[in-house]
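S.K.: Provided below for reference: sequence and predicted model.
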There are 2 protein chains.
Amino acid sequence: MSHSSVGLVKTQFFTFGDAKNPLKLRSGATLEPVIVAYETYGKLNPKKSNAILICHALTGDAHAAGKHSSKDKKSGWWDSMIGPGKTFDTNKYYIVCSNVIGGCSGSSGPNSIKPNTKKEYGVSFPVVTIADMVDVQKRLLEFLDIEHLHSIAGGSMGGMQVLEWAVRYPDFMDSVIVIASTSKLSSQSIAFDAVGRNAIISDPHWNNGNYYKMKKQPNHGLAIARMIGHITYLSNLSMNKKFGRRLQNKKTLSYDFSNEFQVESYLHHQGSVFVERFDANSYLYVTKAMDYFDLSEEYGSLKKAMKRVLSKVLIISFSSDWLFPPEQSEEIIKACLSVNKTVFYTKIESSYGHDAFLLETKRLTKLIKNFLNGIQ
Amino acid sequence: MSHSSVGLVKTQFFTFGDAKNPLKLRSGATLEPVIVAYETYGKLNPKKSNAILICHALTGDAHAAGKHSSKDKKSGWWDSMIGPGKTFDTNKYYIVCSNVIGGCSGSSGPNSIKPNTKKEYGVSFPVVTIADMVDVQKRLLEFLDIEHLHSIAGGSMGGMQVLEWAVRYPDFMDSVIVIASTSKLSSQSIAFDAVGRNAIISDPHWNNGNYYKMKKQPNHGLAIARMIGHITYLSNLSMNKKFGRRLQNKKTLSYDFSNEFQVESYLHHQGSVFVERFDANSYLYVTKAMDYFDLSEEYGSLKKAMKRVLSKVLIISFSSDWLFPPEQSEEIIKACLSVNKTVFYTKIESSYGHDAFLLETKRLTKLIKNFLNGIQ
């Protein structure tokens, strides 16, 4: 694709809340100050009617498009979808993306400094939920003078936020786009998250969450968590295609415990690079928020939750996604239809597994462009 | 079922090999002495025609049936299938089961004492393959004066040994029974094994495999490996049925990082009890043997491998087994049929996932009894 980039961008910060007016969280705890890292691309039109909020997944951040420096090798995490002429066309739309609270990329999280102690929160940071994340996004939008959104879009955990938005603040947007997501994690998905968290917590360098000033960090535990995650993001088919049983750099078995299969080497690499960019405590907080998310629990039933929706809904799933399988999307669709909501649903045939939401750009573009155009 | 048990049994030991005549392994390394822990149930008939070899899975051992002491709470790992009147009827058959080499339940493995050093081998124990395990089983059978087997049966990694037997020593048995197994692991299954090994190796108490005399053992790493394994042994459906999103011992979220979902608590428990009975180094060796197993690689193609088979073949898979999925069993069946072998195949509809080979006793019994009777 020859579309151009949004170019050089900068992460900005919005702070709110003080001891008198802290952010109230679902747990009953409060948080102040609340720092929100965010980026915007494109321009808000005079009517303030062209804003789209993008919500990121587990390990994403506010940097969804463009580059921070001309030296950056990589662009933002959804650069393939956001930019002039792209799916989320910055010539038309004003795009906002913020880092979730509990995260580690600028917004308040366990690696933030706690006001009283002047030290990092660690696990004294309050546990946050998807609803809390959404409340913070709403505060950011109000700060940006946006009282209504053209659309909200997100994949995976981003899709959970989108669903929460649609149900919690139904008149705040014209449409929502939920990709490879669910109204609640399955037992199996909670299990994978739980093993990841156990790997971090049982790493002796985790030190009950107080490792920021330590010489060693819980990198081993975090790498294991990431490796487990990566297996669940790919499909069996895509792994067989990509790696099969091929050996890395050699033709014969080594008869030792090196990472000799290509798939081992790939996972090990993914684990190693991840610890450079992500905080182990944040991994605990953000996976916990995902595990807790359950629209039926929150609103009595999924039907009752979806009954609140006023916006048009586009839901997209991927055939080989076994972490957030199509059936979970179809459950939401069924609930919407049972209460006469306007919903559009597509299951994209793809071998990429859950990762498809970052890879199937061409097919997503067609679906989302049509959807966004239809509601203008 | 009211069938009785084989009663009290005892693990026995057979030792072979010395410096002049060591066991030669596929890696090129040698091993001596080789200790084999085994158990037998029932009696060898005068014709020596009623012996059945049982091969165990990843974490199994020689103790397949009965109890070691009347105080034992649990019976051997396949007690539901082995005993008077049971599937493998000890009134009719002489059952032999031995612990694989590389294991940790009596047979030579990384926790055995190395002759020269008088210390545990640790990772200086040679890497073993499924073919090596089978060679050792053959030596044991010869020692027991068994020159021909009525049948060989095993599930999961046990099934890999059965397949290797059928192809390597085709005239040694009348029939083979392969349950929930494969001729080679998929990329995804290697990946899960690899993450488990990484969890062990990155545990600081692993200490390059030299931890036997240490105060602390790599229990955290081994527990993580076991937890990952357990997710792959269950199906998504069985996890949703068994645990769903239910909380352990309470009704409201705790907003902390305790194991509050039932599925978290279950996995944590499985990890904790596993480290009491299994050796972390053995987990490395036995998973590596599984990853290496590839009949097509070993014999040129799966067809060429199966062309060697002379025994009757029964293959059983389970519909919800995603670790050793039915397609992998069907690949073996296709190869057998393409070279005109006598094969029987059943895919059992079950929601238990891979674990079904230990749980679907009733259906397995019917299939296996009919098969064994048909070949007498």
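M.R.: Ah, there it is.

S.K.: interface residues of the stretch 251-376 of chain A facing chain B?
M.R.: Residues of the stretch 251-376 of chain A lying near chain B by C-beta under 8 Å from any C-beta of the partner chain: A:253, A:255-257, A:259, A:261, A:263-264, A:267-268, A:271, A:284, A:288, A:291-292, A:294, A:297, A:322, A:325. C-betas here are computed from N, CA, C, even on glycine.

S.K.: What about those residues, which are in helices?
M.R.: In this view, these that belong to helices under DSSP state H are A:263-264, A:267-268, A:271, A:284, A:288, A:291-292, A:297.

S.K.: still on that earlier bit, emit the PyMOL select command for whichever of the residues of the stretch 251-376 of chain A next to chain B are buried.
M.R.: In PyMOL syntax, the buried subset of those is picked out as below (16 or more other C-beta atoms under 10 Å in any protein chain shown):
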select buried, chain A and resi 253+255+257+259+261+263+264+267+268+271+284+288+291+292+294+322+325
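
S.K.: what residues are up against residue A:19?
M.R.: residue A:32 (C-beta atoms under 8 Å, 6 or more residues apart in numbering or on different chains).

S.K.: State whether it is indeed within a helix.
M.R.: No. The assignment for residue A:19, made by DSSP: H, G, I helix; E, B strand; the rest coil, is coil rather than a helix.

S.K.: If you tally nearby residues, what's the number for the closest residue to residue A:260 other than its chain neighbours?
M.R.: Once flanking residues are discounted, residue A:260 sits nearest to residue A:254: 5.0 Å by C-beta to C-beta, 6 or more residues apart in numbering or on different chains. Residue A:254 has 13 neighbouring residues, counting by other C-beta atoms under 10 Å in any protein chain shown.

S.K.: and what of residue A:73?
M.R.: 5.

S.K.: Report the separation between it and chain B.
M.R.: Noted for residue A:73: a distance of 26 Å to chain B, by C-beta to the nearest C-beta, to the nearest Å.

S.K.: That residue and residue B:357, how far apart?
M.R.: Using C-beta to C-beta, to the nearest Å, residue A:73 is found at 48 Å from residue B:357.

S.K.: Residue A:262 too?
M.R.: According to C-beta to C-beta, residue A:262 and residue B:357 sit 29 Å apart.

S.K.: So between those two, which is more surrounded?
M.R.: Set residue A:262 next to residue B:357 and count neighbours by other C-beta under 10 Å: residue B:357 wins out with 29 against 19.

S.K.: Pull the contacting residues for the residue nearest to that one when sequence neighbours are not counted.
M.R.: In space, and not counting its chain neighbours, residue B:357 is closest to residue B:155: 3.5 Å by C-beta to C-beta, 6+ apart. By C-beta under 8 Å, 6+ apart, residue B:155 lies in contact with B:57, B:179-181, B:357-358.

S.K.: Low-confidence regions, chain A specifically.
M.R.: Within chain A, the ranges that satisfy pLDDT under 70 run A:1-3, A:375-376.

S.K.: From the centre of it outward, give me the first residue you hit.
M.R.: residue A:57 (1.2 Å; C-alpha atoms, centre = their mean).

S.K.: Which secondary structure state does that residue sit in?
M.R.: Classification of residue A:57 by three-state DSSP places it in coil.

S.K.: what's around residue A:132, how many residues?
M.R.: By other C-beta under 10 Å, 25 other residues sit near residue A:132.

S.K.: Is the one helix or strand it maps to in proximity to chain B?
M.R.: For residue A:132, the host element (DSSP states H and E) is helix A:130-143. No. Against chain B, helix A:130-143 shows no contacts by C-beta under 8 Å from any C-beta, the least distance being 10.7 Å.

S.K.: who touches that helix?
M.R.: A:14, A:16, A:23, A:25-26, A:34, A:36, A:38, A:51, A:53, A:55, A:96, A:98, A:100-102, A:107, A:147, A:149, A:157, A:160-161, A:164-165, A:168-169, A:172, A:289-290, A:292-293, A:298.

S.K.: for that helix, which positions count as buried?
M.R.: A:130-141.

S.K.: would you list the residues you listed in CSV and tack on distance to residue A:237?
M.R.: Listed next are the buried residues of helix A:130-143 as CSV, based on distance: C-beta to C-beta, whole Å:
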residue, distance to residue A:237
A:130, 30
A:131, 35
A:132, 37
A:133, 33
A:134, 34
A:135, 39
A:136, 38
A:137, 35
A:138, 40
A:139, 42
A:140, 39
A:141, 40
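
S.K.: Would you mind measuring from residue A:154 to residue A:182?
M.R.: For residue A:154, the distance to residue A:182 equals 12 Å [C-beta to C-beta].

S.K.: Residue A:297 too?
M.R.: Distance of residue A:297 to residue A:182, given as C-beta to C-beta: 13 Å.

S.K.: How about residue A:204?
M.R.: From residue A:204 to residue A:182 the distance is 34 Å (C-beta to C-beta).

S.K.: Give me the more crowded residue out of those two.
M.R.: residue A:182 (27 against 15).

S.K.: what's the domain layout of chain A?
M.R.: Listed domain ranges for chain A are A:12-185+A:295-374, A:190-286 (source: automatic domain parsing).

S.K.: so which of these gets nearest residue B:5?
M.R.: When the domains of chain A are compared by C-beta to C-beta, domain A:190-286 sits nearest residue B:5, at 33.9 Å.

S.K.: Does residue A:361 touch residue A:81 like I think?
M.R.: Yes. Using C-beta atoms under 8 Å, residue A:361 is in contact with residue A:81, at 6.3 Å.

S.K.: With neighbour numbers in mind, choose between those two.
M.R.: Ranked by neighbour count (other C-beta under 10 Å), residue A:361 and residue A:81 place residue A:81 first, with 23 against 17.

S.K.: In contact with the residue nearest to the centre of chain A, which residues?
M.R.: Contacts of residue A:57 by C-beta under 8 Å, 6+ apart are A:154-158, A:357.

S.K.: For chain B, state which of the residues you listed is nearest.
M.R.: residue A:157 (16.5 Å; C-beta to the nearest C-beta).

S.K.: The closest one - how many residues pack around it?
M.R.: 27.

S.K.: Kindly report the same for the one 3 residues further on.
M.R.: When neighbours are counted by other C-beta under 10 Å, residue A:160 registers 30.
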